[in-house]
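**Q** My questions are about this predicted structure, shown below with the sequence.
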Amino acid sequence: MAETRFGKAIGQALADAMRDDPDVVLFGEDVAVPGGPFGVTRGLLDAFGPERVRDTPISEATIVGAAVGAAIGGLKPVVEIMFMDFCGIAMDAIVNQAAKARFMFGGQCSVPMVLRTPHGAGVGAGPQHSQCLEAWFAHIPGLRVVCPSNAADAYGLLRTAIDHPDPVIFVENKSLYAAKGDLPENAGPIPLGRLRVAREGADVTVVAYGAAVGTALTAADALAADGVSAEVLDLRSIQPWDEAGVLASLAKTHRLVVVHEAVEAFGVGAEIAARMADVGFDELDAPIVRVGAPFMPVAFAPNVEAAYLPGAAQVAAAVRRTLE
Amino acid sequence: MAETRFGKAIGQALADAMRDDPDVVLFGEDVAVPGGPFGVTRGLLDAFGPERVRDTPISEATIVGAAVGAAIGGLKPVVEIMFMDFCGIAMDAIVNQAAKARFMFGGQCSVPMVLRTPHGAGVGAGPQHSQCLEAWFAHIPGLRVVCPSNAADAYGLLRTAIDHPDPVIFVENKSLYAAKGDLPENAGPIPLGRLRVAREGADVTVVAYGAAVGTALTAADALAADGVSAEVLDLRSIQPWDEAGVLASLAKTHRLVVVHEAVEAFGVGAEIAARMADVGFDELDAPIVRVGAPFMPVAFAPNVEAAYLPGAAQVAAAVRRTLE
Amino acid sequence: MARNAKGGDAASAADRDVELLELYRRMLIVRRAEERLSQMFADGEVPGFIHLSIGQEAVPVGVCAALRLEDTLASNHRGHGHALAKGLDLERFFLEVMGRAEGVCGGRGGSMHIADMGVGMLGANGIVGAGLPIAAGSALAHQVRRTGGVAVAFFGDGAMAEGTLHETLNLAALWHLPMLFVCEDNGWGEFSPTSRQFTGDLIALAGAFGIDAATVDGNDVAAVARAASKVVAAARDGCPQVLRCVTNRVHGHYEGDPQRYRDPADLETLPNHDPLRRCAAKLGADDVAKVTAEVEDRIAAAVAAARAGTEPDIARARADVYSPCEAAHG
Amino acid sequence: MARNAKGGDAASAADRDVELLELYRRMLIVRRAEERLSQMFADGEVPGFIHLSIGQEAVPVGVCAALRLEDTLASNHRGHGHALAKGLDLERFFLEVMGRAEGVCGGRGGSMHIADMGVGMLGANGIVGAGLPIAAGSALAHQVRRTGGVAVAFFGDGAMAEGTLHETLNLAALWHLPMLFVCEDNGWGEFSPTSRQFTGDLIALAGAFGIDAATVDGNDVAAVARAASKVVAAARDGCPQVLRCVTNRVHGHYEGDPQRYRDPADLETLPNHDPLRRCAAKLGADDVAKVTAEVEDRIAAAVAAARAGTEPDIARARADVYSPCEAAHG
Ligand SMILES: Cc1ncc(C[n+]2csc(CCOP(=O)(O)OP(=O)(O)O)c2C)c(N)n1
Ligand SMILES: Cc1ncc(C[n+]2csc(CCOP(=O)(O)OP(=O)(O)O)c2C)c(N)n1
Ligand SMILES: [Mg+2]
Ligand SMILES: [Mg+2]
């Protein structure tokens, strides 16, 4: 058990995957010589050489399109889109090519690629460098979407993603890169599609993913002081998400709050809430409350950005609303 | 009151808007000389000349980016992206530029552009020409999203969209282009954000938009024969959507079904269901049931495509489930 | 004006009758298959949007003559020729465009997404310009995995306006990818002449990236094959290449398009440029007749067999959205 | 190697002292404003990611000297020079980069999205390459609305790899847009030299689209101004133009970047190419001193005023997501 930073755990997963499989290659803007805009890929060029670790031109559409061709050709490319916001340029390659190849070619091939990309606000990066767009990808059949909340999960989920035959969008909340966490010595892959119970509780189920898990846990602490026992579920994987796991918790607590940093409207939480309002309807004793960002872009001004981010107080208030 | 085809009503709205306002310009692939891939813009080049009606190169990212610049520059561009699937190439211009300009520049400018684009399956166009991606746009603060179900609404909503200071994504279900409907002689603009009660009913609320409204009405007919009275709401506008209108109907029926052609998971219906599971919770007497496409791409094979499309029988079954 | 780039046409080794006959045979397979499709489409037997490459057969056949089985190609919406020339089985071709379960893509792709990974045909593509980066990625896989293979991107003149061309030229040059860019320049993008869409010159563009580029008479299959064998060899050595093939689209953009926008006089001259006619003129009439009979038999047999295909099952299709290792959600 | 394109520098009318002094003054405003920002960033007084254009001032100042108020420009992430040279008020500039309500964008854009529609500055842009199509659209508006205006796209050498450059060159040529493409070629894209990212030659690329292109010494403000007045005039007549300005990025990619990846010897030579130093050498010491004092006063006053700015209100910000005609949903 070693303490590691979230970003380092990702670098470690990349290094271990590259060591274990010569078909794993890495490319993206400034990932090789500079070691990545957030330092995540530092050292990989030296360890694995310029054939397998490459800096690319500033050409997002082609980075992802090339990953599709490389994956069909037998490589396991891990590409980086420097900020999730830039995926707007590469959506065709992600959605019309990577996601559909297996299906539309009748199962002839898989597209074993991973697209790593940081999302999230809180670092003063402004409206075009802070968005959480994972709901776009979760809506697309053929994609898998993962979003870890801590270093150990980041390691294990990324190992699984790289070995996975399907294209995986691997979303990293940039405010977590420096966060410390334990990484077990012999950490292994973590299966996609299964949630982690981050904290057990009896009164209300709080579903979250990525950095919002920490927010939910902080809220749970505050609520515990008031005698409210919140169960916090870390989704880990957004597509597929662990419907059975959420339902099982709901059957115990009968109350549901869903938290994420993405804007609330039409976000990932909508699907979870909608699904529980159907298959979980009989379990529900209270309105399903979502906590997400307000319907606005991230502003540059630090005070507005801070007010924008959904915080523990909001989560606690949402929980209290389900207990009214 | 003249009978018109859906596609013709759109063409009429474009012509009337161009006649009324010299700043309205039209550009897109094959919209000028060829009159549009679906014939919607036929005649406009002759009527308004090559300065205002232009064929573009096959460059979707630049078509939309240029629309943003043109709109900031005082024009009211209406651009066409030939199939909604191709928006993948233009997402940056839509999401990072058009949607955010007003906000991030402190309200200094608006971006009065319209992006017209056809969605939907049922015409044998296969996996990359049939998607319904409106949920992507609805998730983005700054965009308005409209999807008409009939000729008169298409006319009125498009007139509003063109005159609107904000960027509007105007979604046309391609299977509707040939559908006939009445267009009032002096048809005027229809406000965005307000739904239309397509059929009154008492037992269950069925929310739909675009071509799914017809499906819902067919289902309502079948249900009426069984003594079930379904109220069908045509959203018309997806962002913003008429939450108060849906809630008012739910307060009457206490049962909710949401229908669309887009895949169910993480679709527009998720937001409506999630919202009603919160603010409408006390009104609900039954699970909220969504009807959407299964989580798969559209297949080429006609029988698979037909089975993919959500039909009236599925809507009726969903309604019955809320009445169990 | 019908399009016919000047290209040296002197007799050479590659023109030897037997090889030329083989090229003719391959072109005729594409031609007859598409003519048959055209009829079947008119009869309602083939659904969807189909884009025929009648008049352009010399390009895929000439280029693919220079390729090996392990070489790969990424195609566009007009991909029948690329698929058949790379070796896709005729029967599974017809099954696919008819939307049958036994089709090479299980009937899920149809004409616009036909692919056969077994012969390195990475897929027709419904998105203009999208095949270019895919081919670059395939070339990267060849390079890293030392397959010795080359990846080819076939794209139209209309596709030149997409930014992916620019980006892919750059990447190919930067990484010395074993990649060949083949532009099928038929003068049209849908219903608009490319001259009203694109002001660039492909040869100069490639040159701006330091990429060798040549134009060839895309209606002369021997000339295409000769040029291809040269550029494929160079690409194999890590010098990406551009080959522009000037040719003609004879049918509409898609079947059912009456081409009212085209000059009738222009359409009338098309037969003079027909790559099959031009090739046949250099062959013996007996050889041509024999090949024709043989090809017609093969087409008839393939169509007959394809007609026995069955409808795909939606549940099986859905099971292929994700790899079988885990159940898909939704 | 520090970058310094050869450019004829003979004395000419445009070099006349008084004009040159004005160009110097404008460069100095940008320089001192950014130096001040650099300090304020280090002190924690300016938040976020800021990209300084120290060393590149001759480009925005030289180009904007050839522009009229109604002309427009679309910028990139390194946009301070473009904003100030086009006429953005200094005080509202500081207020904005400090995230204040009274900033030109209400504190919502900050450095990377600074804009002033009132002077035709259509915005810095956080998306590399995204300003190019926006400038093309602005040029279209000038053309259709007969404003007589020109639209300029400022982009870096790293941005040349984005497909939007290719697409926009084509559209500008096709539609004869009154548009000027200005490449600020500082040799770097973030932490990588452009030579490791891009194999193309901008002049040849433009030529492939039939667009006139020229390279100018981007450290010589008079040379830039002269070149700009020529190309702006041609663009105004509907002949889009490309101007490549060779210059140097002196600070890191963003403030806080220690540039360990750069050759120290190279960094040492940068002062020799400093556009302000080179310009000052041609001016009288008294004039320079006077202008310096004046500019320093203005900066000090602007910063002092900006420090009195207030924090923006989230509710007001949210109300600006949509136009006021209808309440926004959500
Ligand atoms: C991204 C995208 N934009 C537009 C289309 C519609 N479209 C299909 S084919 C085509 C013309 C392509 O012309 P070209 O590349 O010359 O190929 P050709 O049809 O002539 O073989 C267009 C515009 C598309 N399929 N994809
Ligand atoms: C689409 C996109 N990709 C990547 C980035 C990250 N990024 C910001 S600036 C930059 C380098 C740009 O280089 P250049 O255009 O030469 O401008 P310079 O910084 O040298 O002024 C990169 C890669 C971005 N902001 N947008
Ligand atoms: Mg063509
Ligand atoms: Mg640069």
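**A** All right, it came through fine. Residues are numbered from 1 along each chain as shown, chains lettered A, B, ... in the order given. Ligands and ions are numbered 1, 2, ... in the order given.

**Q** where exactly do the strands run in the chain?
**A** With no chain named, the answer covers chain A. Shown for chain A, the strands assigned by DSSP state E span residues A:2-5, A:24-28, A:53-55, A:76-80, A:114-119, A:144-146, A:168-173, A:180-183, A:196-199, A:204-208, A:230-234, A:237-239, A:256-263, A:289-293.

**Q** meant chain C actually
**A** Taking DSSP E, the strands of chain C run over residues C:72-74, C:151-156, C:179-185, C:188-189, C:192-193, C:212-217, C:241-246.

**Q** Please convert these to JSON lines, extending it with distance to D:Gly148, mean pLDDT and mean neighbour count.
**A** Where C-beta positions appear, they are placed from N, C-alpha and C, glycine not excepted. Putting the strands of chain C into JSON lines (distance: least, Cβ to Cβ, whole Å; pLDDT from 0 to 100; neighbours: other Cβ atoms under 10 Å in any protein chain shown) gives the following:
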{"stretch": "strand C:72-74", "distance to D:Gly148": "46", "mean pLDDT": "99", "mean neighbour count": "31"}
{"stretch": "strand C:151-156", "distance to D:Gly148": "38", "mean pLDDT": "99", "mean neighbour count": "30"}
{"stretch": "strand C:179-185", "distance to D:Gly148": "38", "mean pLDDT": "99", "mean neighbour count": "28"}
{"stretch": "strand C:188-189", "distance to D:Gly148": "33", "mean pLDDT": "98", "mean neighbour count": "24"}
{"stretch": "strand C:192-193", "distance to D:Gly148": "30", "mean pLDDT": "96", "mean neighbour count": "18"}
{"stretch": "strand C:212-217", "distance to D:Gly148": "40", "mean pLDDT": "98", "mean neighbour count": "20"}
{"stretch": "strand C:241-246", "distance to D:Gly148": "40", "mean pLDDT": "99", "mean neighbour count": "26"}
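
**Q** Dump those strands into a markdown table; add distance to B:Gly122 as well.
**A** Converted to a markdown table, the strands of chain C look like this (distance: least, Cβ to Cβ, whole Å):
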| stretch | distance to B:Gly122 |
| --- | --- |
| strand C:72-74 | 28 |
| strand C:151-156 | 27 |
| strand C:179-185 | 31 |
| strand C:188-189 | 26 |
| strand C:192-193 | 27 |
| strand C:212-217 | 42 |
| strand C:241-246 | 36 |
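
**Q** Make a markdown table from those strands and add distance to ligand 2 to it.
**A** Converted to a markdown table, those look like this (distance: least, Cβ to the nearest ligand atom, whole Å):
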| stretch | distance to ligand 2 |
| --- | --- |
| strand C:72-74 | 24 |
| strand C:151-156 | 23 |
| strand C:179-185 | 23 |
| strand C:188-189 | 27 |
| strand C:192-193 | 30 |
| strand C:212-217 | 27 |
| strand C:241-246 | 26 |
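
**Q** Residue of the stretch 51-200 of chain A nearest ligand 4, please.
**A** Proximity of the stretch 51-200 of chain A to ligand 4 (Cβ to the ion) peaks at A:Ile58, 9.8 Å away.

**Q** if I look at that residue, how far off is A:Ile89?
**A** Distance of A:Ile58 to A:Ile89, given as Cβ to Cβ, to the nearest Å: 10 Å.

**Q** overlap in contacts of the two?
**A** Taking Cβ atoms under 8 Å, 6 or more residues apart in numbering or on different chains as the criterion, A:Ile58 and A:Ile89 both touch D:Glu162.

**Q** Of those two, which one has the most company?
**A** Per other Cβ atoms under 10 Å in any protein chain shown, whichever of A:Ile58 and A:Ile89 has more neighbours is A:Ile89, with 32 against 28.

**Q** Surely C:Gly103 is in contact with C:Leu90?
**A** No - taking contacts as Cβ atoms under 8 Å, C:Gly103 lies outside contact range of C:Leu90: 11.8 Å.

**Q** Quick check on the two: which one has the bigger neighbour count.
**A** C:Gly103 (26 against 19).

**Q** what residues are up against that one?
**A** By Cβ under 8 Å, 6+ apart, the contact list for C:Gly103 reads A:106, C:92-93, C:95-97, C:109, C:309.

**Q** Please flag which of the residues you listed sit within helices.
**A** Among these, the members found in helices (DSSP state H) are C:92-93, C:95-97.

**Q** which residues does C:Phe209 contact?
**A** Applying Cβ under 8 Å, 6+ apart, we find C:Phe209 in contact with C:169-170, C:172-173, D:199-201.

**Q** one step back: can you say which of the strands of chain C is nearest to chain D?
**A** Among the strands of chain C, strand C:212-217 comes nearest to chain D, with 10.7 Å by Cβ to the nearest Cβ.

**Q** now the angle between strand C:179-185 and that closest one, please.
**A** 40 degrees (axes from the mean of the first three to the mean of the last three Cα atoms, to 10 degrees).
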